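**Q** give me the fold of what follows.
(one chain, ligands or ions: 1)
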Amino acid sequence: MQFALTAKLLINMHDLNNERAEEIRRVPLIFKTKDGYRLISEAVAVSGVMLKHWHAVYLARRAEELGVNLCPLCRRGEAIRVPPPDAVKMEWLHTDENTYKKYIDCLSKGTEEDLIKLCVGEDAHGFLRTEPTLRRESLIKFSWLLPIYLEGIEMPPFRVVQHTRNIREVPEEPEELRRMQMPYPRSYADGVYGFASLCDLELVGTAFTCRRQVIDDNEKKKRQRAILEAFIPMLTGAFGASLARSLPAAKPLEVVAIVSKEAKIGFPAPVHPMYEDYFQLNERLFRSFAKEFNVDLLICTYGIGQSKKEDKVEVKVVNDPAEAIVTAIEYLGLNKV
Ligand SMILES: [Zn+2]
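**A** Residues are numbered from 1 along each chain as shown. A predicted model of the protein is given here:
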């Protein structure tokens, strides 16, 4: 079972890339234009770390509802998978002694198998433990969220806006309160952005070290369902920094979810939607994949493409962005777990 996703959104007034205070991510990008290739030396972009973080947060929330196993840190939305055991104190975890001891034991001595059983976060998003060394590659991969070149429009720059906090009455002392209402700058940007993601659903609950599934089938299906549902909030720009005051004014333009029930081998990474012909390329690429490995394929698409069915490959146009994911979940038979 495999899954891939591409999404293209118009996003206005976003502060998505403020991953660290005062740092604005600007990256060089090469675009293909009608006159050939063009280098934009400073395009406003958002790293895949940001997308991965928010996917992990939504995954934990949904997993909890479905009764899927979660470790104490993932349960509260912290994206620190397998932290050093001596850095984790019971008071900080806000848990009872028994849960704390079991967790620390698993962190310090657990095998990959133990950690997968413990938590869907470590299972799906991978981890790296340094002492003793143990690493699990993430089953979910994200591209950067990159701006798309619009013919005839200059690449939108970012701008800095000064905000202030308003305190009704500022006393003479302490000085900290006076400082709290000082102006603080934040950067904002606009643009048409795209990202691509890939998830090896086949390996959910399967340890790379012993090469076998270590959770039961029902838990595996619930984990797969939660993983796919966690993408839904992301389709309308609910990811990134400063969402409290700059939830992006987003409009999903094109969303494409690609799934296969029978594919055991991992999908190729989908062509990023920053390229104009990405949909046609992906359709051909995944069709060839399905033919070579003799597996089924469903491409659920919003905003681009046409419905058609040929042998084991179907392209299905859906009516809204979330329906692309919902249809994929139903097709995989995960909606009834
Ligand atoms: Zn976890």
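**Q** buried ones in stretch 176-195?
**A** R186, S187, Y188, A189, D190, G191, V192, Y193, G194, F195 (16 or more other C-beta atoms under 10 Å). For glycine as for every other residue, the C-beta is placed from the backbone atoms N, C-alpha and C.
**Q** now the helices for this protein?
**A** Taking DSSP state H to define them, one finds helices in the chain at 48-66, 72-75, 90-93, 97-109, 112-118, 120-125, 175-180, 217-229, 243-246, 278-293, 321-331.
**Q** so which of those is the most packed in?
**A** Highest mean neighbour count among those (mean count of other C-beta atoms under 10 Å): helix 120-125, with a mean of 28.
**Q** quick one: closest of the helices of the chain to V313.
**A** helix 278-293 (5.3 Å; C-beta to C-beta).
**Q** contacts for that closest one?
**A** Contacts of helix 278-293 from elsewhere in the structure, counted by C-beta atoms under 8 Å, 6 or more residues apart in numbering, are 4, 6, 254, 256, 258, 260, 263, 265, 267-268, 270-273, 275, 295-297, 299, 301, 304-305, 312-313, 315.
**Q** ok, back up a step: turn the buried residues of stretch 176-195 into a markdown table, including pLDDT.
**A** Putting the buried residues of stretch 176-195 into a markdown table (pLDDT from 0 to 100) gives the following:
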| residue | pLDDT |
| --- | --- |
| R186 | 83 |
| S187 | 84 |
| Y188 | 88 |
| A189 | 89 |
| D190 | 91 |
| G191 | 93 |
| V192 | 96 |
| Y193 | 96 |
| G194 | 97 |
| F195 | 98 |
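**Q** most widely separated two among the residues you listed?
**A** Within these, R186 and G194 form the most distant pair, 23.8 Å apart (C-beta to C-beta).
**Q** correct me, but T111 touches T209?
**A** Yes. Counting by C-beta atoms under 8 Å, T209 is a contact partner of T111 at 6.8 Å.
**Q** tell me, how many residues neighbour D277?
**A** Burial of D277 is recorded as 10 neighbouring residues (other C-beta atoms under 10 Å).
**Q** pLDDT score assigned to it?
**A** Here, the pLDDT recorded for D277 equals 94.
**Q** for E23, same thing?
**A** Looking at E23, its pLDDT stands at 57.
**Q** equivalent analysis for A79, please.
**A** 81.
**Q** give me the longest strand you can find in this protein.
**A** Taking DSSP state E as the criterion, the chain has its longest strand at strand 184-199.
**Q** what angle do it and helix 278-293 make?
**A** When axes from the mean of the first three to the mean of the last three C-alpha atoms, to 10 degrees is applied, the directions of strand 184-199 and helix 278-293 differ by 30 degrees.
**Q** get me the contact residues on this protein for the ion.
**A** Counting by C-beta under 5 Å from the ion, the residues of the chain close to the ion are C71, C74, C119, G121, E122.
**Q** and for the first one, the neighbour number?
**A** The one in question is C71. So C71, with other C-beta under 10 Å, has 23 neighbours.
**Q** leaving out the residues flanking it, which one is nearest to it?
**A** Using C-beta to C-beta, 6 or more residues apart in numbering and skipping the chain neighbours, the partner closest in space to C71 is C119 (3.8 Å).
**Q** same question for the last one.
**A** Leaving aside its sequence neighbours, E122 sits nearest to L115 (C-beta to C-beta, 6+ apart; 4.7 Å).
**Q** mind checking how far the one you found is from R75?
**A** For L115, the distance to R75 equals 15 Å [C-beta to C-beta, to the nearest Å].
**Q** ditto for T33
**A** Distance of T33 to R75, computed by C-beta to C-beta: 47 Å.
**Q** what's the offset of stretch 69-78 from the middle of its chain?
**A** Distance of stretch 69-78 from its chain centroid, counting by C-alpha atoms, centre = their mean, to the nearest Å, is 17 Å.
**Q** just the residues contacting it, thanks.
**A** 56-57, 60-61, 63-64, 80-81, 83, 88, 93-95, 99-100, 103, 106, 117-122, 215, 219.
**Q** do that again at 7 Å, thanks
**A** With C-beta atoms under 7 Å, 6 or more residues apart in numbering as the test, stretch 69-78 has contacts from 57, 60, 63-64, 80, 93, 95, 99, 103, 117-122.
**Q** kindly export the longest strand of the chain (C-alpha atoms) in PDB.
**A** Extracted in PDB, the C-alpha atoms of strand 184-199 (Å, rounded to 0.1, in the frame of the first residue of the first chain):
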ATOM      1  CA  TYR A 184       8.400  43.600  17.100                       C
ATOM      2  CA  PRO A 185       8.900  42.900  13.400                       C
ATOM      3  CA  ARG A 186       7.600  39.900  11.500                       C
ATOM      4  CA  SER A 187       8.000  39.000   7.800                       C
ATOM      5  CA  TYR A 188       5.100  38.200   5.500                       C
ATOM      6  CA  ALA A 189       4.900  36.900   1.900                       C
ATOM      7  CA  ASP A 190       2.400  35.900  -0.800                       C
ATOM      8  CA  GLY A 191       2.600  33.500  -3.700                       C
ATOM      9  CA  VAL A 192       1.400  30.400  -5.400                       C
ATOM     10  CA  TYR A 193       3.200  27.600  -3.600                       C
ATOM     11  CA  GLY A 194       3.400  23.800  -4.000                       C
ATOM     12  CA  PHE A 195       4.700  20.800  -2.100                       C
ATOM     13  CA  ALA A 196       5.000  17.100  -2.600                       C
ATOM     14  CA  SER A 197       4.900  14.300  -0.100                       C
ATOM     15  CA  LEU A 198       5.400  10.500  -0.200                       C
ATOM     16  CA  CYS A 199       4.400   7.900   2.300                       C
END
